[in-house]
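Enquirer: coords below, sequence missing:
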Ligand code: 6R9
């Protein structure tokens, strides 16, 4: 496995040691060496890193290699095609929602398409620094659109295609986008999503609120005349969903077809040479206030970090076929589907569909079809598939798999073991990667330390603080913070630097505060215990909801569990649990007793749940994170749940309210 020990001898020693300014300088040198692997139009001079992490000393800022100029798209495509001679290598295998619908694109084809679309954007008046909103399904044109923005120095703001018109409108307005790229429609499983219709609703709302957005470019995807299957359109089953006559709402004053604009665009396009600290993209992530925050990443640092973390966390080898199942609408898709793999000249799978369509073996059939070697997914997907048992997995060979990755939430032991034993047949290391939209990969896990994240990634210096902001040594549990920047950390919240400082730097001056809880064991390994707001204090004992959830999940009947804190007259707080069950199990008084016993035996009597409610499903964000904020309200019977439009399954909330435990 590639890990800290494999590179730059000074890495591991420094990573585990204490941090000083000298350490920061040493890391700057380390990244300077890595920077030499990339193309810079103007080389860097002066200090690699300048920063202030301490709000009491002035404005927070982070600058890596400011003054050097480059273009990230040039590094991902032109350099791989021209210098590294990878032009004929497959950049992406595209696997459509419908089995049998697929395509592939080489590095040189991708370069040509990106240049064409960059020219299209320029011809529409898009300039360096402009914001472009992208609202698209998981299709190749999405990658083309984002890289075309990067090529001309425009900032992409990608909005996950599962978001509502309101969410899209809010994001377009927040960063003042001047153009939207979208698609006609697509299928997710057997559900038709009329994307253009939703986009139009959002654009109408934006117009009413005075948005300057006047142009919309639309990919004809579901309505395309030619399919990738033998170049012909077959409307007969099983490909009946491929070439439908989609009624795309059309506004001639602002809408333009992608294919019409592309047909006359040149395949050559001079990149915009950007400063290393120029803005690359904005990506919205949910904030505790309910209003999304526009996380901003910059060109140079993000390029170095996405490339390097991809290379080492997944032990990238040139012959790999890599599959990250995340949507490009999330940071995981940005970093580990587009930027990281392409910077390394890797071949990836881009999957449009869902893990359960047309059946629950789809993931493994795709793994076999493309001989996927490195597979990266989220605990929520693992638990979903686990619920359906081993048979759908074992029907497929999976012998190409070498490394399995997990991201997004703490992975519970049950899911980890299933992933390791059933999916990887005990021969594939499981890397659990903890990170945030704000940080890009900040840690990595390696085999042999199940469930722990082991040590941090290069340049990341964590600390664990207590409530008073004191650093805890040795075995400890508390707030996870970082002591110094690394290249891939965010630079600000777009248009709101003050909120950036308040959210991440105010609580503990001198540190970046992740908002996650963490413990360090006697071996120095790090374990994420969940969001800080997911901690609870029962009779003076600090418990993490994640550990109680893990105990519940070890019961054979439970497929998912979410635990929240509930006020208790004696204990201060107590545990209110929501459980979903595996197929074939019933929620009975007997089961409730068994579950309580299980938690008591696993953690101790202090953790015995007071309430257990059956949930047919749990409310989740569209990236699969359980929204415990809403579950807390349900437990308290507080109907004021706030904005639920960004949930994947808002309908479940009413059901959960109606079936609450009696908490008098
Ligand atoms: C990449 C991504 C960030 C939050 C983060 C933490 C949780 C992510 C995790 C994990 C435990 C892991 N998180 N990975 N918790 N183990 N391997 O998910 O970014 O959407 O911004 O979420 O997700 O709570 O603070 P983002």
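Expert: On my side now, so go ahead. The structure displayed is predicted, hence computed values, not measured ones.
Enquirer: what does this protein put close to the ligand?
Expert: 285, 331-332, 407-410, 432-437, 514-516, 528, 531, 623 (CB under 6 Å from any ligand atom). To be clear about C-beta, it is placed using only N, CA and C from the backbone, and glycine gets the same treatment.
Enquirer: how near is whatever residue of the chain ends up closest to the ligand to residue 603?
Expert: In the chain, the residue that lies nearest the ligand is residue 437 (3.4 Å; CB to the nearest ligand atom). For residue 437, the distance to residue 603 equals 31 Å [CB to CB, to the nearest Å].
Enquirer: ok, these two, which is more surrounded?
Expert: In this view residue 437 and residue 603 are compared by other CB atoms under 10 Å, and residue 437 has more residues nearby, 19 against 16.
Enquirer: state the pLDDT value of the more buried one.
Expert: We note a pLDDT of 90 for residue 437 in this prediction.
Enquirer: again, but for residue 649
Expert: In this model, residue 649 carries a pLDDT of 88.
Enquirer: tell me if it really is in a helix.
Expert: No: per DSSP: H, G, I helix; E, B strand; the rest coil, residue 649 lies outside any helix segment and is coil.
Enquirer: and for it, the neighbour number?
Expert: There are 13 residues near residue 649, going by other CB under 10 Å.
Enquirer: that one contacts residue 617, correct?
Expert: Yes: using CB atoms under 8 Å, residue 649 is in contact with residue 617, at 5.9 Å.
Enquirer: tell me who's in contact with the residue of the chain closest to the ligand.
Expert: Residue 437 sits next to 283, 285, 295, 330-331, 490 when contact means CB atoms under 8 Å, 6 or more residues apart in numbering.
Enquirer: low-confidence ranges in the stretch 101-250 of the chain?
Expert: 225-246 (pLDDT under 70).
Enquirer: so where do the strands sit in it?
Expert: Secondary structure of the stretch 101-250 of the chain (DSSP state E, counting those that start in this stretch): strands at 102-106, 131-135, 155-158, 179-183, 186-188, 191-193, 215-219.
Enquirer: what residue of this structure is the furthest out?
Expert: Within the chain, residue 570 marks the point farthest from the mean C-alpha position, 40.1 Å out by CA atoms, centre = their mean.
Enquirer: please tell me how far that one sits from residue 600.
Expert: For residue 570, the distance to residue 600 equals 17 Å [CB to CB].
Enquirer: equivalent analysis for residue 248, please.
Expert: To residue 600, residue 248 is 57 Å away according to CB to CB.
Enquirer: in terms of neighbours, single out the busier of the two.
Expert: residue 248 (19 against 15).
Enquirer: that one: what's it in contact with?
Expert: Taking CB under 8 Å, 6+ apart as the criterion, residue 248 is in contact with 184-185, 196, 218, 220, 223.
Enquirer: if you set the cut-off to 6 Å instead, what comes out?
Expert: Neighbour list for residue 248: 184, 196 [criterion: CB atoms under 6 Å, 6 or more residues apart in numbering].
Enquirer: next one: phi and psi at it?
Expert: Dihedral pair for residue 248: phi -100, psi 120, per degrees, to the nearest 10.
Enquirer: neighbours of residue 41, how many?
Expert: Using other CB under 10 Å: residue 41 sits among 12 other residues.
Enquirer: now do the same contact list for it.
Expert: Applying CB under 6 Å, 6+ apart, the residues near residue 41 are 69, 273.
Enquirer: one more pass at 8 Å, please.
Expert: Listed by CB under 8 Å, 6+ apart, the contact set of residue 41 reads 69-71, 273.
Enquirer: output the below-cut-off pLDDT ranges for this protein.
Expert: Residue ranges of the chain with pLDDT under 70: 1-25, 28, 225-246, 287-290, 441-453, 533-535, 540-542, 664.
Enquirer: which residues sit against the lengthiest helix in it?
Expert: Across the chain, the longest stretch assigned as helix under DSSP state H is helix 107-123. With contact meaning CB under 8 Å, 6+ apart, helix 107-123 is reached by 73, 77-78, 80-81, 86-89, 91-92, 105, 132, 140, 143-145, 147-149, 151-152, 154, 179, 217, 261-262, 265-269, 345.
Enquirer: those in helices, which ones?
Expert: 73, 140, 143-145, 147-149, 151-152, 261-262.
Enquirer: quick check: the residue farthest from the centre of the chain vs residue 538, distance?
Expert: Taking CB to CB, one finds residue 570 at 10 Å from residue 538.
Enquirer: residue 558 too?
Expert: 21 Å.
Enquirer: helices or strands next to the helix or strand containing residue 282 in the packing?
Expert: In the assignment (DSSP states H and E), residue 282 maps to strand 279-285. Judged by 3 or more CB pairs under 8 Å, 6 or more residues apart in numbering; DSSP states H and E, the packing partners of strand 279-285 are helix 140-152, strand 155-158, strand 293-298, helix 299-313.
Enquirer: redo the ones you listed as a markdown table? Include mean neighbour count.
Expert: Shown next, in a markdown table, are the helices and strands packed on strand 279-285 (neighbours: other CB atoms under 10 Å):
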| stretch | mean neighbour count |
| --- | --- |
| helix 140-152 | 26 |
| strand 155-158 | 24 |
| strand 293-298 | 25 |
| helix 299-313 | 26 |
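Enquirer: to residue 468, which of the ones you listed lies closest?
Expert: Nearest to residue 468 among those is strand 293-298 (27.0 Å), distances taken as CB to CB.
Enquirer: what sits up against the closest one?
Expert: Here strand 293-298 has contacts from 64, 157, 171, 174-175, 276-287, 331, 437-438, 440, 488, 490-496, 499, 503, using CB under 8 Å, 6+ apart.
Enquirer: how about 6 Å then?
Expert: Taking CB under 6 Å, 6+ apart as the rule, strand 293-298 contacts 174-175, 277, 279-285, 287, 437-438, 490-494.
Enquirer: pull out the buried residues from those.
Expert: Buried by 16 or more other CB atoms under 10 Å: 174-175, 277, 279-285, 437-438, 490-494, out of the contacts of strand 293-298.
Enquirer: tell me where the stretch 251-400 of the chain has strands.
Expert: Assigned by DSSP E, counting those that start in this stretch, the strands in the stretch 251-400 of the chain fall at 255-257, 274-275, 279-285, 293-298, 321-324, 347-351, 374-377.
Enquirer: how big is the angle separating the fourth one from strand 279-285?
Expert: Angle, strand 293-298 to strand 279-285, by axes from the mean of the first three to the mean of the last three CA atoms, to 10 degrees: 150 degrees.
Enquirer: list phi and psi for residue 55.
Expert: Residue 55 has phi and psi values of phi -60, psi -30 when expressed as degrees, to the nearest 10.
Enquirer: wait, isn't it in contact with residue 505?
Expert: Yes: checked against CB atoms under 6 Å, the pair residue 55 and residue 505 is within contact range at 4.9 Å.
Enquirer: of these two, who's got more company?
Expert: Per other CB under 10 Å, whichever of residue 55 and residue 505 has more neighbours is residue 505, with 20 against 17.
Enquirer: dump the residue contacts of that one.
Expert: Taking CB under 6 Å, 6+ apart as the test, what residue 505 contacts is 55, 60.
Enquirer: could you do residue 271 as well?
Expert: 71, 74, 151.
Enquirer: related to what we said a few turns ago, state the helix or strand in which the residue farthest from the centre of the chain lies.
Expert: Residue 570 belongs to no helix or strand, assigned by DSSP H and E.
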